[in-house]
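1. Quick check, what structure comes out for this input:
(chains A, B, C and D)
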Number of protein chains: 2
Amino acid sequence: MPAARRTAARNATLGDVAKLAGVSIATASKAINGREDVAPGTRDRVVAAAAELAFSPNQLARSLIAGRTGTVGLLTSDLEGRFVIPILMGAEDAFGAGQVNVILCDARGDAIREQHHLKALLNRRVDGIIVVGRQTDPRPSLGEQPVPVVYAYAPSDDPADLSLTPDNVAGGRLAVEHLLGTGRRRIAHISGDPAYAAAQDRTTGVRAALADAGLELVGDVAYNDWSEHWGRDAAAMLLAAHPEIDGIVCGSDQIARGVLDTLRDFDKRVPDDVAVIGYDNWEVLATQSRPELTSIDANLQQLGRAAAMRIFEAIDGADGVDGETGEHRLPVRLVIRGSTIARR
Amino acid sequence: MPAARRTAARNATLGDVAKLAGVSIATASKAINGREDVAPGTRDRVVAAAAELAFSPNQLARSLIAGRTGTVGLLTSDLEGRFVIPILMGAEDAFGAGQVNVILCDARGDAIREQHHLKALLNRRVDGIIVVGRQTDPRPSLGEQPVPVVYAYAPSDDPADLSLTPDNVAGGRLAVEHLLGTGRRRIAHISGDPAYAAAQDRTTGVRAALADAGLELVGDVAYNDWSEHWGRDAAAMLLAAHPEIDGIVCGSDQIARGVLDTLRDFDKRVPDDVAVIGYDNWEVLATQSRPELTSIDANLQQLGRAAAMRIFEAIDGADGVDGETGEHRLPVRLVIRGSTIARR
DNA sequence: TACCGTGCCGAAAGGGATTTCGGAGTTTTC
DNA sequence: GAAAACTCCGAAATCCCTTTCGGCACGGTA
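-> Numbering: from 1, shown residues only, chains lettered A, B, ... in the order given. Sure, this is the predicted structure:
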C-alpha cells in the first residue's frame, strides 16, 4: 500500500548525546536543562553534541517522571468547530506558545463516544479536560475524575463542577444599551429556541436594560429557532404588527441575517430606519452581510485561556484542595459594524 | 487562586493491581492484555483487582516501549476550523473509535509558531503529522521529518511530499454537468481570487464539462474574491451584460449567497429562471439561504481519514521505504438542494 | 526412582529521561 | 602537611509498563 514520505533517521537519545560528548547521561541531562554543577566547558561540549545530533528530549519519558504531560483534552460535540476553535486557541495561548498542547476529541453528540474519548484522554494522562458544549444549556457532568475538569461555554449540570460560560444576560443588556445609545427607542427582540438558557438569559438582559431606561420591549419576544428562515419570518410578522420599530435585537447572527433580508424586502433602510444587532459575532456571517452586522462576541478565546489556567491552577494547588465551583459568567463584548451605525 | 474540581485519587498502577491480586507485575500485565501463559483462575483474580482499582494503563509508559503513541498531529492555520474539523473527525475515525487521538495545533498563519508547534509535536512523538492548509494553494514543505507527513487540502510545494487535495477540476465539472442535467444551457461562472489554484482548477472543470456538451461559458469568468459582496456585484454585472443566463456556477458558497441576493433584487426566480450552484457545501451558508444552495462538497472527512491511514501505512511499511508522493486528488461530491431543482 | 515434558509464574531488562547522593579530584585553611 | 571545603561528575533509582526467558512444580513415562 502507498504511504507518506519520511526520513529513516531515528531520534537521538540523551544517551547518544552523552556518548558523543564523552560524559555520563546524568551530566548530559543537567547540561541541557541548564542545571548547576556542570563546568562551563563540559556544558558547551554537551550542547554542541546535542546540536549535532539534533537531539530533542522525548516528552513521553519526561512526562512519565514529571507526572505531567503539558496536554489538555478538549472534549466537544461542536460539529461546526465554531466555538471550539477559539477556545482551543485560547487554551494553547494560556502559557506561552508551545507549552501546552491540546488533544481535541469530537464526541459528535454521542455519549458512548464521549466516554471512549474520556477514557483515552485519561490514559494519555492529560493534565486536565475542558468540556465544550454545543450550546449554552447545562450538560451532564462527567463526575469525579482524576484530573481537573472545566466546562466551557455550556455549564455542567452539577454545581460541584467549575463551569465558565459567556454572560448572556450582560450580552442582551449590552445590545440594548448600544441601540439606546444610537437613539433607538422602539426596540423589538427576535430570538431562537426558548428552551435554550441562552435565549432566556439574553432576553433577561434585554428587558433589564430597557427597564433601566424606562422602556419596554415592542411586542412579545419572538422565539422559535436559531435559523435565518426564522429571522426572515419573524421580521415580517414584526413589521406587520409594529411598523414603528427602530431597533431589533437578534438572538443570533443567523437570525439577524434573516432579519436584514426581510428589512430589505420591506424597503426599510438599515441602519437609518431600523438598527439590527446580532449575537455570536460569527465573522463569516457578520462581515458578509449588507450592511455588516453589529454583534455580541462571547470572547471565546479568553474563555479557553481561562479554562486552561484553571486547570493548571488546580494541579499546582495543594492536592485535595477542591477549587472553585459553580458557573462563572465571563464578560462579553460588543462589536460595532454598519447595521447599527451608518458609515460616515 | 481558584481552580477546578478534581478528586485526589491517584491513578492505580499495574503494581497496585498485581499486589492486590497477589501476583507479579508481569503476570498482571499478561492477564490484563489477554496474553497466554496465565491460568484462568489467576486471570480472573487480576481482572477483578484491576476493576476494583479502576486501573487503566498509562499510555505514556506504553508508548515509550512501543515506540508508537497512537497520536497524530494536525497542524493548521485554518482559523475558522471549517476545513480542519471534518479532517480531524476523519482522522479520528480512520481506525475505530479511540484508537487514534489528534493533537490540534493552530499556527495562525505564523511560520514561527508553526515551527514551535512542529517541534512540540515531534517531542511528543506523534506517529505522524497532517498539515492542513488554509486554501488549496501549495504551501511550503516542512521538509524531511522523522515521522510521516501528509499535506491535506493544500498540497506541499515539494513534489517529494504526499499531498491529498480535493479534486477541484472534477468539482467544476460536476457542477456544470448537474446544471446541464437540469436543462440549463446558458451558464456563467463567478469565482474568487484568480490567484488561487482552486479557482483556476474549478474553472478548468467548468469549461471542460461545457466543451464536452458543445457549449461555451456565457461571458468571461468573473474573478475577484471569495466574498458575498463580490457575489452580489458580479451577479449584477453579469445580469446586465447577459440577461439570458439560466445557470450560474459559483466558486464558493459565499459567492453564491451574494448571487442569490442579487437575483432576488432583479426579480429572477431561483431555480426557475436561474439555477445557482455553490462550492464547499458549508452547511451554515448553504442550508440557510433561500432557496437552499446546491453545492459541491469536498469530502473532507474522507480526506482526513485517508491522510491518517497513509500515515500509519508509512509507519507499518518497512523503514526506509519512501511511500507514495505527489499530489493526489480525491473525489468530491454534489449535494443537491433547492437552488438548482425546484422542490416538488 | 529417574527423567522429561508441560503449564504457570516471576525476575529482570528495557524504553528515555530526571534526580539524588556519594565519591573523586582540586583548592583552601590552619 | 593534614584536614576541611568545594567543584564536578556519574552510578543508580525512579516513572510505568511490556516482554523475554529461566525456573518451579506437577504429571506422565520408562
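2. Find the helix or strand that A:Leu260 is a member of.
-> Assigning secondary structure by DSSP states H and E places A:Leu260 in helix A:253-265.
3. Give the buried residues for that helix.
-> Across helix A:253-265, burial judged by 16 or more other Cβ atoms under 10 Å in any protein chain shown covers A:Asp253, A:Gln254, A:Ile255, A:Ala256, A:Arg257, A:Gly258, A:Val259, A:Leu260, A:Asp261, A:Thr262, A:Leu263. Bear in mind the C-beta positions are built from the backbone N, C-alpha and C, glycine included.
4. in stretch A:135-146, what counts as buried?
-> So, applying 16+ other Cβ under 10 Å, buried residues of stretch A:135-146: A:Gln135, A:Thr136, A:Pro138, A:Arg139, A:Ser141, A:Leu142, A:Gln145, A:Pro146.
5. next one: stretch A:103-111
-> For stretch A:103-111, a neighbour-count test (16+ other Cβ under 10 Å) marks A:Ile103, A:Leu104, A:Cys105, A:Asp106, A:Ala107, A:Arg108 as buried.
6. end-to-end on it?
-> End-to-end distance for stretch A:103-111, by Cα to Cα, to the nearest Å: 18 Å.
7. Which residues does it contact?
-> With contacts defined as Cβ atoms under 8 Å, 6 or more residues apart in numbering or on different chains, stretch A:103-111 is touched by A:71-79, A:84, A:88, A:113-114, A:117, A:120-121, A:124, A:126, A:134, A:140, B:71, B:74, B:85, B:88-89, B:92, B:101-104.
8. Of those residues, keep whichever come out buried.
-> Using 16+ other Cβ under 10 Å as the burial test, the contacts of stretch A:103-111 include A:71-79, A:84, A:88, A:113-114, A:117, A:120-121, A:124, A:126, A:134, B:71, B:74, B:85, B:88-89, B:92, B:101-104 as buried.
9. Which of those residues fall within strands?
-> Members of the buried ones among the contacts of stretch A:103-111 lying in strands (criterion: DSSP state E): A:Thr71, A:Val72, A:Gly73, A:Leu74, A:Leu75, A:Thr76, B:Thr71, B:Leu74, B:Asn101, B:Val102, B:Ile103, B:Leu104.
10. which two in the residues you listed are spaced the farthest apart?
-> With Cβ to Cβ as the measure, no two of those lie farther apart than A:Thr76 and B:Thr71, at 17.5 Å.
11. what distance separates the start and the end of stretch A:122-129?
-> Taking Cα to Cα, stretch A:122-129 runs 9 Å from one end to the other.
12. is any part of stretch A:120-127 close to DNA strand D?
-> No. Using Cβ under 7 Å from any atom of the strand, stretch A:120-127 stays clear of DNA strand D, coming no nearer than 8.6 Å.
13. Spell out which parts of the stretch 51-200 of chain A neighbour DNA strand D.
-> Proximity of the stretch 51-200 of chain A to DNA strand D, by Cβ under 7 Å from any atom of the strand, involves residues A:Ala61, A:Leu64, A:Ile65, A:Gly67.
14. possible to save those as TSV with pLDDT and secondary structure?
-> Below are those laid out as TSV (pLDDT from 0 to 100; DSSP: H, G, I helix; E, B strand; the rest coil):
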residue	pLDDT	secondary structure
A:Ala61	94	helix
A:Leu64	93	helix
A:Ile65	93	helix
A:Gly67	90	coil
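15. filter those to the buried ones?
-> Buried among those (16+ other Cβ under 10 Å): A:Ala61, A:Leu64.
16. which among the residues of the stretch 51-200 of chain A next to DNA strand D are in contact with DNA strand C?
-> Contacts with DNA strand C within those, counted by Cβ under 7 Å from any atom of the strand: A:Ala61, A:Leu64, A:Ile65.
17. who's in contact with the closest residue to A:Asn168 other than its chain neighbours?
-> Ranked by Cβ to Cβ, 6 or more residues apart in numbering or on different chains and with sequence neighbours excluded, the top spatial neighbour of A:Asn168 is A:Asp201, at 3.5 Å. Contact partners of A:Asp201, counting by Cβ under 8 Å, 6+ apart, are A:Thr136, A:Asn168, A:Val169, A:Gly171, A:Gly172.
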